[in-house]
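Engineer: can't give you the sequence, but here's the structure:
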Ligand SMILES: Nc1ncnc2c1ncn2[C@@H]1O[C@H](COP(=O)(O)OP(=O)(O)OP(=O)(O)O)[C@@H](O)[C@H]1O
């Protein structure tokens, strides 16, 4: 190995200069030729200084006389340049071993299998529901931009009309705009003077307007009015007037569901079928699909409505479809807004048995940035969207059974179901024995096409949120996906029978459980209700394969990690930073 200053010349002149360790050097002959076939040049270590890139190596190449002259000149310059410490850093130069420059591996961007796998993993996490990446984009780009260009309203710009409703969160009026220049599209508006949660409702509506505007009533603006005569601040919320009827109004009509048919299908479009279960089923399916689509969009953006009921589903005369209103009780799980695990804001008639959208052991939401980063984990742990699915299941039930459409009917259904441990099959056995016309009509609808409607209803109204179907899965259910006139396709029938057989497995477990309960033991006298409930909810034991066990362990670990982090963040938020946070104790709990 010889330490020397090397320079390579090409016909274009000097192209490289550096202090190099020549491992196997080409000789520059007195006749100006490289004699070696290979020139391996090791550039100086990190931070090596030098000039130029590209070494004409390995090729017998004629060095011109000019080149030789340049060599000497540059050698002088070289000393000068290095002397003052000027030169390109190694990061921008091709430092390292140089063996045939043209055959060197490229040092720029390279695709490797672990790199691809890691990228896929990160992207999947960032885009998993409720969407960390879209959330940041929404929060830091879309929201400020929208704020910049939206017109601003004051209460003087509005003229209030008829009162439309009064609820726990405020009073709602039909209104019109006095200053017509504020909005391009004219038309009636709705104003809610919110006394509580107004700012949150406005924030939630703005989020929905950016993420999935077609699923909810068209929100215009929200502003704070601190000039109220009552002396307290009021938040004014503005929507476009969607129409005069909510699903509750339409369901209260004796002609339901035929009164909705014309609204959603258009005049005379439903006359191809005679009045009866098949026609009713078609209308119910359309209504349910519209509401499920709206919910699926809300859920995919991390919002759980928490107050899904016929009164909060409005028929939009403009889009001829059903939309969701009243986001006052909604929770944004992406950033933890309005998410208070122990708060009870819900309508008991439609609320799921768990009552909370998140486990009560999940601490209150951490600061938005941390909440956003953790949101996919928390979402998967709690599946909070299933809360809305239960409520929608009850609406489906009410649409099918006329006797359940009023409050007393629904309340007595809730009582009956609770007594039967939320087992819809047991409830069916109970009510079918009564032979009422309304009940018969309901089951006739649900049992069509091999009972797909009944299957879907059972998947929606389940005790455990985790076992309930999601809005997206429900939309792909055979109840909606039909093969035209022939009803269910072969695949759908297969899927249905699979679903049924898995259910029979559960029923077997239930049967054994009830036998055990009846037999009891002499000393204890049988199981308590709580123990029974616990046993029923347990999955039947399946043979554990290595993959399944590994998966279960990984999930357990993920859940534990998320709980530990969330609990610690909660402590920090509560100001318990001073106390020593014992991670190990938390982990073991
Ligand atoms: N965009 C809209 N277009 C037409 N009507 C609307 C609209 N928004 C609300 N309404 C009407 O106003 C009523 C009350 O609205 P909303 O449910 O949002 O108020 P609320 O104060 O939260 O009531 P509650 O507490 O009873 O749910 C609705 O039942 C509906 O009739």
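Structural biologist: Yep, it's here. What you see is a predicted model, and the numbers here were worked out from it, not measured in a lab.

Engineer: could you use CA atoms for every contact and neighbour count after this?
Structural biologist: Will do.

Engineer: which elements pack onto the helix or strand containing residue 431?
Structural biologist: For residue 431, the element it lies in under DSSP states H and E is helix 424-432. On a contact count with 3 or more C-alpha pairs under 8 Å, 6 or more residues apart in numbering; DSSP states H and E, helix 424-432 meets helix 407-419, helix 437-446.

Engineer: pipe these into CSV and attach mean pLDDT, mean neighbour count and distance to residue 387 per row.
Structural biologist: Output for the helices and strands packed on helix 424-432, formatted as CSV (pLDDT from 0 to 100; neighbours: other C-alpha atoms under 10 Å; distance: least, C-alpha to C-alpha, whole Å):
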stretch, mean pLDDT, mean neighbour count, distance to residue 387
helix 407-419, 95, 15, 15
helix 437-446, 93, 18, 22
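
Engineer: any chance of these in JSON lines, with distance to residue 174 too?
Structural biologist: Below are the helices and strands packed on helix 424-432 laid out as JSON lines (distance: least, C-alpha to C-alpha, whole Å):
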{"stretch": "helix 407-419", "distance to residue 174": "27"}
{"stretch": "helix 437-446", "distance to residue 174": "36"}
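
Engineer: can I get those in TSV with distance to the ligand?
Structural biologist: Below are these laid out as TSV (distance: least, C-alpha to the nearest ligand atom, whole Å):
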stretch	distance to the ligand
helix 407-419	14
helix 437-446	26
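
Engineer: residue 234 is nearest to which of those?
Structural biologist: helix 407-419 (31.8 Å; C-alpha to C-alpha).

Engineer: report the inter-axis angle for the helix holding residue 431 versus helix 407-419.
Structural biologist: 130 degrees (axes from the mean of the first three to the mean of the last three C-alpha atoms, to 10 degrees).

Engineer: neighbouring contacts of helix 424-432?
Structural biologist: Around helix 424-432, the neighbours that count as contacts under C-alpha atoms under 8 Å, 6 or more residues apart in numbering are 416, 417, 420, 439, 440, 458, 461, 462.

Engineer: greatest separation within those residues: which pair is it?
Structural biologist: The span of the contacts of helix 424-432, defined through C-alpha to C-alpha, is set by 440 and 462 at 22.2 Å.

Engineer: relative to residue 309, how far out is the residue of the stretch 301-450 of the chain found nearest the ligand?
Structural biologist: Closest to the ligand within the stretch 301-450 of the chain is residue 326: 3.9 Å, counting by C-alpha to the nearest ligand atom. According to C-alpha to C-alpha, to the nearest Å, residue 326 and residue 309 sit 10 Å apart.

Engineer: mind listing what's buried in the helix holding residue 431?
Structural biologist: 424, 427 (16 or more other C-alpha atoms under 10 Å).

Engineer: quick check: mean pLDDT of it?
Structural biologist: The average pLDDT for helix 424-432 rounds to 94.

Engineer: oh, and call the first residue 8 from now on, that's how I've got it
Structural biologist: Renumbered: residue one is now 8, and that last one reads helix 431-439.

Engineer: that one to helix 444-453, inter-axis angle?
Structural biologist: Using the same axes, to 10 degrees: helix 431-439 against helix 444-453 is 140 degrees.

Engineer: just checking, residue 354 touches residue 314?
Structural biologist: Yes - assessed by C-alpha atoms under 8 Å, residue 354 is found in contact with residue 314 at 6.6 Å.

Engineer: can you give the contact residues for stretch 297-313?
Structural biologist: Contacts of stretch 297-313 (C-alpha under 8 Å, 6+ apart): 136-138, 215, 218-219, 221-223, 328-331, 334, 336-341, 353, 358, 364, 391-392, 394-395, 477-479, 481-482.

Engineer: do I have it right that residue 454 meets residue 448?
Structural biologist: No - in this structure, residue 454 is not within contact of residue 448 by C-alpha under 8 Å, at 10.1 Å.

Engineer: in contact with residue 259, which residues?
Structural biologist: 412, 413 are the contacts of residue 259 under C-alpha under 8 Å, 6+ apart.

Engineer: how close does it sit to residue 252?
Structural biologist: Computed as C-alpha to C-alpha, the residue 259 to residue 252 distance reads 11 Å.

Engineer: write out the residues of the stretch 58-207 of the chain neighbouring the ligand.
Structural biologist: 171, 172, 173, 174, 175, 176, 177, 178, 179, 197 (C-alpha under 6 Å from any ligand atom).

Engineer: check which helices and strands the host helix or strand of residue 244 sits against.
Structural biologist: Here residue 244, judged by DSSP H and E, is contained in strand 241-247. Here strand 241-247 touches strand 196-201, helix 205-219, strand 226-232, going by 3+ C-alpha pairs under 8 Å, 6+ apart.

Engineer: pairing partners for the first one, with directions?
Structural biologist: Counting by DSSP bridges, the strands paired with strand 196-201 are strand 177-184 (antiparallel), strand 241-247 (antiparallel).

Engineer: would you mind pulling the contact partners of that strand?
Structural biologist: Contacts for strand 196-201 (C-alpha under 8 Å, 6+ apart): 167, 176-184, 241-248.

Engineer: neighbours around residue 455, how many?
Structural biologist: Burial measure for residue 455: 16 neighbouring residues, criterion other C-alpha atoms under 10 Å.
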